[in-house]
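Chemist: What follows is a protein structure lacking sequence information:
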């Protein structure tokens, strides 16, 4: 995972972001909220300190998907960009698929494995956590 900066944004280019430094963690989430928000069977996220992420062009629109949890997206094209929550203060998840070069950040584990769709199988040996991963 890179120590320099990464850039990314939405499909239409209205929202752009820049990240400096390495992620706190990167993972594949199988929860139903992520599936619905992204219309995908799983979502790859990279978590950063909020101070590592800036939005030089356009701010994501915000949707409180559940109490204390906010998803950021492009209001023009609908691309999911970010996730913040009260239970992870000071941190922001960025969708790895919205990076200009998603190959730069590879997930290192799965979480909410207990909610994985039975027909979704990943041929990797990454650790799997039944719910949200331990943070210690």
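Modeler: Alright, I've got the coordinates. Note that the structure is a prediction, hence the values are computed from the model and not measured.

Chemist: What segments of the protein are helices?
Modeler: 32-38 (DSSP state H).

Chemist: Can you list the low-confidence ranges for it?
Modeler: Scanning the chain for pLDDT under 70 picks out the ranges 1-3, 134-136.

Chemist: again, 90 this time
Modeler: Where the chain drops to pLDDT under 90, the residues are 1-4, 38, 113, 115-117, 120-136.

Chemist: Could I get the full set of strands for it?
Modeler: Secondary structure of the chain (DSSP state E): strands at 5-9, 16-20, 25-29, 43-49, 53-57, 61-66, 69-73, 80-85, 91-95, 109-111, 128-129.

Chemist: Check what contacts the second one and list those residues.
Modeler: Right, the one you point to is strand 16-20. Applying C-beta atoms under 8 Å, 6 or more residues apart in numbering, the contact partners of strand 16-20 are 4-10, 46, 48, 52-58, 81, 94. The way it works is simple: take the backbone N, C-alpha and C, and place the C-beta from them, glycine included.

Chemist: wait, what's in contact with residue 30?
Modeler: Contacts for residue 30 were tallied using C-beta under 8 Å, 6+ apart; they are 41, 42, 110, 111, 112, 113, 114, 115, 116, 117, 120.

Chemist: Burial check on the spatially closest residue to the first one that is not a sequence neighbour, number of neighbours?
Modeler: By the measure of C-beta to C-beta, 6 or more residues apart in numbering, the closest residue to residue 41 outside its immediate chain neighbours is residue 120, 4.6 Å from it. A total of 12 residues lie near residue 120 under the criterion other C-beta atoms under 10 Å.

Chemist: Next: residue 90.
Modeler: With other C-beta under 10 Å as criterion, residue 90 counts 10.

Chemist: same deal with residue 86?
Modeler: Neighbours of residue 86 (other C-beta under 10 Å): 9.

Chemist: mind checking how far the nearest residue to it once chain neighbours are set aside is from residue 85?
Modeler: Spatial nearest neighbour of residue 86, excluding adjacent residues (C-beta to C-beta, 6+ apart): residue 68 at 3.5 Å. According to C-beta to C-beta, to the nearest Å, residue 68 and residue 85 sit 6 Å apart.
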